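Participant: take this sequence and fold it.
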Amino acid sequence: MEKMKKEVIIGTIFVVALLMAMTFVSAISATPERSIEQWTQEHTVEVEHTTIYKYEQGYLEIKEIYTGIDLEKKLGVDNLTDVLKIPVEAKVAEEIGLREGEEKIFVTEEEIVVTREDDPPVWWTTYDYPQWTYKISGVNFIRDDPINLVWDNTNKAMVKSEILEEDDWTDNVWEEDRWVYDPGYGYWMLDDPVADSTYGWSGRYHARLWQMSDGAVVSNAHHDDPFPHHADEYEPAESLVASFFNQPGDTDWTVHGNNWWLNNRYTNDYGAYNNGWATRTVYNE
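Facilitator: All right, here's what the predicted structure looks like:
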């Protein structure tokens, strides 16, 4: 009898332990992945943003420096610094107000969204397409321009080819690289640029393209001002690029203007406004 009691007690303990373990595993499995809104809040920091332009020996050097206490708290660094050099003829430099050896410095107080390579924005938990492009600074990625164009049932080569049929548009583009994260591939992807001017010292329309692992093509389209060469328009650029796929007599594409909500409504420091809706274009097989 005593042996039977011990066996019953041991059996009961085992069943209870098993149920607790199953409950624990279920709880872990049921824990939802954090939303992109939560992720964004966790990665937003206040910084002082200094941009230094210097023309010297035929090159324009653009140095961007981000500093702030939040950077030290969240990333363990006291600054983020990036340098880009672009060849500029002396005549062009003079036209845009740059003199040999002269520096122009711009300082703003900003809130930025910044992350590391191994902690990407989890946009796929809520949206079908990425919301933002990112620029790189060392091992960190800083959120930049909004995605405002998407294409389905096609590929990047076809989209790019259609754009390059337009007068003056080229894929020989000097630019600062931008990136988006693809969860299917599991890494950050570099943009494939097109623009209506290689350098854009008189201003230009500029689009960056990405081929996603699920087949979608996404882009940020914007207009750059002549100097200091920042995006000063989003919506007009979105409409312009979309119009390339909506020509009279062209039945290959169906364009749905401002069709897909990406929740990336945004106005940058230079007045460029994005309404949060991407234009979606579908290739008609």
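Participant: for the stretch 51-200 of the chain, what are the low-confidence residue spans?
Facilitator: Per-residue confidence of the stretch 51-200 of the chain (counting by pLDDT under 70) places no residue in a weak region.
Participant: at 80 instead, please
Facilitator: Within the stretch 51-200 of the chain, the stretches falling below the threshold (pLDDT under 80) are 96.
Participant: and the spatially closest residue to residue 202 that is not a sequence neighbour, what does it touch?
Facilitator: Leaving aside its sequence neighbours, residue 202 sits nearest to residue 226 (Cβ to Cβ, 6 or more residues apart in numbering; 5.5 Å). In this view, the C-beta of every residue, glycine as well, is placed from N, C-alpha and C. Contacts for residue 226 were tallied using Cβ atoms under 8 Å, 6 or more residues apart in numbering; they are 96, 200-203.
Participant: got a PyMOL select line for the buried ones in those?
Facilitator: Those of the contacts of residue 226 that count as buried under 16 or more other Cβ atoms under 10 Å are selected in PyMOL with:
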select buried, resi 96+200+201+203
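Participant: what is the nearest of the contacts of residue 226 to residue 147?
Facilitator: Within the set of these, residue 200 lies nearest residue 147; the separation is 20.7 Å, counting by Cβ to Cβ.
Participant: pull the contacting residues for the closest residue to the closest one other than its chain neighbours.
Facilitator: When the adjacent residues along the chain are set aside, residue 200 lies closest to residue 224, with 5.0 Å between them (Cβ to Cβ, 6+ apart). When contacts are counted by Cβ under 8 Å, 6+ apart, residue 224 is found next to 200, 203-206, 230-232.
Participant: would you mind measuring the gap between the ends of stretch 212-220?
Facilitator: End-to-end distance for stretch 212-220, by Cα to Cα, to the nearest Å: 14 Å.
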